[in-house]
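Asker: kindly return the folded structure for what I paste below:
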Amino acid sequence: MEQFRIIPTLLIENDYLVKSEKFKNNRYIGDPINAIKILNEKEIDELVVLDISASKTNSEPNYKLIEELASECFMPLSYGGGITSIECAQKLFRSGVEKIIINSACFSNPNLIAEITQKFGNQSVTISIDVKKNIWGSYYVYSHTQRDSKQYDPVSFAIEMEKLGAGEIILNSVDNDGTYKGYDTELIRLVSLAVSIPVIALGGAGNINDFKKAIQAGASAVAAGSLFCFYGRLKAVLINYPSQEEIKRIFSDTQSTKKNLNILHVTAWYPNKKDSHKALFIKEHFESIDLICNNHLLHIDTNPNEKNFVNEKFKLSENEETIIFKFPFKIWFLVELISFFILLRYSIKNKVQTRYDIVNFHIAYPLGVYLHIYQKLFKKPIIISEHWTAYHYDFYIKKQKRGINRIKNIFKREIPVIVVSEALANDIKKFSGNDHTRFHILNNIVDSTIFNCKNESPPEHPTFFMLNMWSKIKQPFVGIDAFELFVEKHPEAKLKIGGFGPIWKDIEDYVKLKKLEHSIELLGRMNKNQIAEHLNSCTALLHTSKYETFSVISAEAASCGAPVIAMNLGGIPSFINQTNGYLHNNDTIEGWLKGMEYVYENKNTFDRKAIALEANRIFSKQNVGKRYYKILKQEFRTYFENKRQ
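Answerer: Presented below is the predicted three-dimensional model:
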């Protein structure tokens with residue numbers, strides 16, 4: 001069981017112990033010295049004392065009183081109130097205070113935090129952030145000394161305090177203070193997601209079960225005032241603290257904090273009823289963080305491929321839904337506009353602005369054309385995930401057409417982009433003409449339960465495997481021509497070709513024309529288990545595509561331990577090298593033939609098991625999911641950092 005601190009908080013006004021409700025109606029409840037004497041007997045973790053009159057009256061702390069309090073304390077003492085200088089902090093430490101708590105000086109002299117931490121260490125400085133909600137339900141930092149404090153967002157403010165050197169943060173909900181209605185767990189979640197220092201929840205604890213809720217929201221510790229000062233329905237003054245047995249019971253199954261991001265994924269491509277394999281890579285990324293994030297996915301399909309109008313809505317699962325609106329004419333500007341209005345209506349109806357922390361667009365076009373409007377509407381971090389090879393070919397659009405500029409403008413909004421390779425990042429930079437976009441590399445996922453090494457030795461006879469969604473740029477014919485020459489030297493060799501696509505019939509005709517039916521086996525569409533079986537039984541994958549931003553089949557081949565023969569271009573060289581394949585720069589029949597000869601002659605030098613283990617590590621769902629979450633969390637923090645600038 002993890003140990004979580006439970007910290008009583010005592011308020012002092014004019015040297016007397018008081019208690020407030022929503023920072024108002026301060027009620028006298030006794031002598032702070034007596035309260036500390038009682039708490040000494042309760043085996044408490046530490047104690048917070050806040051002098052709420054010192055800052056209001058611009059007076060220094062009452063050092064004599066603090067020294068008396070510290071001398072009575074059997075536990076670590078943290079003090080806040082009236083701290084305006086490094087000399088003041090030094091006097092407090094000499095008086096027996098272990099940590100100082102700074103609030104008002106964060107506004108009037110934020111550099112004081114850095115000065116104190118540099119001299120005494122960040123473990124000695126705690127920042128107290130008081131937070132309220134405005135009439136629209138948005139959080140802002142409250143200060144009784146700063147009239148313009150509403151300009152401060154608590155998440156951005158907490159990040160700034162951490163940068164200045166704060167060791168921990170007391171996050172106090174003013175609206176919940178003294179109300180017994182529980183901590184503001186949403187506020188705790190947001191701030192604890194953005195900072196790496198401990199967050200102490202304060203304000204609203206009504207019973208000890210609220211402690212667990214605060215910890216589960218992301219707090220590292222909990223603090224309370226009224227709960228430890230009053231007892232019963234009539235709020236009789238009684239200093240109290242839960243027993244160790246009660247604390248163990250509350251936290252018995254709370255092993256770690258749960259800091260979830262709420263993410264809305266929006267995509268124009270996704271597996272569907274007609275094609276369960278379409279954009280499967282998006283679904284795999286979505287599922288990779290499903291256990292560590294609160295995920296919801298919206299699939300908006302407006303691709304104009306139907307003969308008639310289609311308007312459908314359905315749920316794929318509890319957190320995956322599809323909206324289809326198709327029409328029988330290809331006007332891309334209309335596709336963009338309809339996609340925009342569908343998402344706009346959905347956003348308003350489902351309160352995207354308050355419900356989610358990040359909106360992740362998968363595949364920028366066509367949904368991303370109006371990202372500049374979504375930025376203003378959502379007021380949340382937006383991130384794009386991109387996989388498309390089309391950027392390398394300028395989207396197959398003539399440069400003088402206006403449509404290409406609408407796509408280019410998507411990447412000129414200072415919106416971060418997740419890509420599957422550095423090659424794709426470079427393609428997008430060149431395509432958009434924008435070098436300032438912040439890119440993150442995130443591999444595609446390979447299912448290691450299917451794609452793993454089952455044969456550590458290569459087959460006795462040379463056997464090559466090709467698989468793709470075949471189009472002209474995938475270049476199947478150069479592979480067939482190279483294999484034809486290979487067979488002349490190795491008549492026992494076999495080439496197996498799987499897949500489908502617009503030129504599959506041409507592949508069938510070409511094999512017949514070359515009279516290679518005895519050496520080439522055409523397999524057609526294949527499921528993942530069939531693909532894995534052939535990768536495990538081949539000498540190498542022959543991947544003839546002219547250019548790929550990633551190549552899932554190459555990653556699957558490596559995961560099975562099969563060497564890959566490919567062009568030394570695009571994203572493939574990021575994970576294929578001389579230890580697990582052969583890369584060449586000669587896109588000719590001779591170049592591919594040389595690769596086949598090299599891999600076959602050196603087939604026993606490839607450690608297929610080691611190749612597979614390394615690929616499984618890189619492309620596993622768990623590792624890619626961790627990387628994905630790290631990127632999203634980093635962008636969440638960066639958004640609030642930039643908000644303060």
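Asker: can you list the domains in this structure?
Answerer: For the chain, the structural domains run 5-251, 261-441, 463-619, going by automatic domain parsing.
Asker: show the end-to-end separation of the first one, please.
Answerer: Start and end residues of domain 5-251 are separated by 11 Å (C-alpha to C-alpha, to the nearest Å).
Asker: the lowest-mean-pLDDT helix or strand in the chain packs against which elements?
Answerer: Scoring the helices and strands of the chain by mean pLDDT, DSSP states H and E places strand 236-237 at the bottom, with a mean of 78. In terms of contacts (3 or more C-beta pairs under 8 Å, 6 or more residues apart in numbering; DSSP states H and E), strand 236-237 is packed against strand 230-231. Every residue, glycine included, has its C-beta placed from N, CA and C.
Asker: contacts for the strand it packs on next, please.
Answerer: 19, 29, 236-238, 240 (C-beta atoms under 8 Å, 6 or more residues apart in numbering).
Asker: re the thing from before, can you redo the domains of the chain as a markdown table with mean neighbour count?
Answerer: Supplementary listing: the domains of the chain in a markdown table, determined by neighbours: other C-beta atoms under 10 Å:
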| stretch | mean neighbour count |
| --- | --- |
| domain 5-251 | 19 |
| domain 261-441 | 17 |
| domain 463-619 | 19 |
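Asker: among those domains, which is nearest Phe451?
Answerer: Counting by C-beta to C-beta, Phe451 lies closest to domain 463-619 out of those; the figure is 3.9 Å.
Asker: what ranges does the stretch 401-550 of the chain have for its strands?
Answerer: 417-419, 439-441, 463-469, 494-500, 520-524, 540-542 (DSSP state E, counting those that start in this stretch).
Asker: report the angle between the axes of the third one and strand 520-524?
Answerer: Orientation note: strand 463-469 sits at an angle of 30 degrees relative to strand 520-524 (axes from the mean of the first three to the mean of the last three C-alpha atoms, to 10 degrees).
Asker: distance from the chain centre to strand 463-469, please.
Answerer: In terms of C-alpha atoms, centre = their mean, to the nearest Å, the centre of strand 463-469 is set 35 Å apart from its chain centre.
Asker: other SSEs contacting that strand?
Answerer: helix 476-489, strand 494-500, helix 528-536, strand 540-542, helix 552-559.
Asker: what sits up against it?
Answerer: 474, 476, 479, 483, 493-501, 526, 531, 534-535, 537-545, 553, 557, 562, 565, 596.
Asker: and the angle from that strand to helix 528-536?
Answerer: Using the same axes, to 10 degrees: strand 463-469 against helix 528-536 is 140 degrees.
Asker: give me the sheet partners of strand 463-469 and which way each runs.
Answerer: strand 494-500 (parallel), strand 540-542 (parallel) (DSSP bridges).
Asker: just send these back as CSV, with mean pLDDT and distance to Thr354 too.
Answerer: Below are the strands paired with strand 463-469 laid out as CSV (pLDDT from 0 to 100; distance: least, C-beta to C-beta, whole Å):
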stretch, mean pLDDT, distance to Thr354
strand 494-500, 96, 44
strand 540-542, 98, 48
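Asker: can you lay out the ones you listed as TSV showing distance to Ser156?
Answerer: Listed next are the strands paired with strand 463-469 as TSV, based on distance: least, C-beta to C-beta, whole Å:
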stretch	distance to Ser156
strand 494-500	50
strand 540-542	49
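Asker: for Asn604, find the nearest of the ones you listed.
Answerer: strand 540-542 (12.8 Å).
Asker: residues touching that closest one, excluding its own?
Answerer: 464-467, 479, 482-483, 495, 535, 553-554, 557, 562-565, 581-582, 592, 595-596, 599-600.
Asker: ok now that strand, how far from the chain's centre?
Answerer: Counting by C-alpha atoms, centre = their mean, strand 540-542 comes out at 35 Å from the chain centroid.
Asker: same thing with stretch 509-517?
Answerer: With C-alpha atoms, centre = their mean, you get 50 Å for stretch 509-517.
Asker: where does pLDDT dip in this structure?
Answerer: Across the chain, the ranges flagged by pLDDT under 70 are 1-2, 145-150, 234, 253-259, 305-306, 398-402, 644-645.
Asker: for it, which helix is longest?
Answerer: helix 621-644 (DSSP state H).
Asker: in that one, which residues are buried?
Answerer: 621, 623-625, 627-629, 631-633, 635-637, 639-640 (16 or more other C-beta atoms under 10 Å).
Asker: of these, closest to Ile101?
Answerer: Closest to Ile101, out of all of those and judged by C-beta to C-beta, is Phe640, at 22.7 Å.
Asker: isn't the closest one up against Glu160?
Answerer: No. With contact defined as C-beta atoms under 8 Å, Phe640 does not count as touching Glu160 (9.2 Å).
Asker: is Leu291 located within a helix, as I assumed?
Answerer: No. Judged by DSSP: H, G, I helix; E, B strand; the rest coil, Leu291 forms no part of a helix; its state is coil.
Asker: about what we covered before: quick one: strands adjacent to the least confident helix or strand of the chain?
Answerer: Here, using DSSP bridges, strand 236-237 pairs with strand 230-231 (antiparallel).
Asker: for Ile363, give me its contacts.
Answerer: Counting by C-beta under 8 Å, 6+ apart, Ile363 has contacts 267-269, 279, 282, 385-388.
Asker: I'd like the distance between Pro491 and Ser545.
Answerer: Distance, Pro491 to Ser545, using C-beta to C-beta, to the nearest Å: 27 Å.
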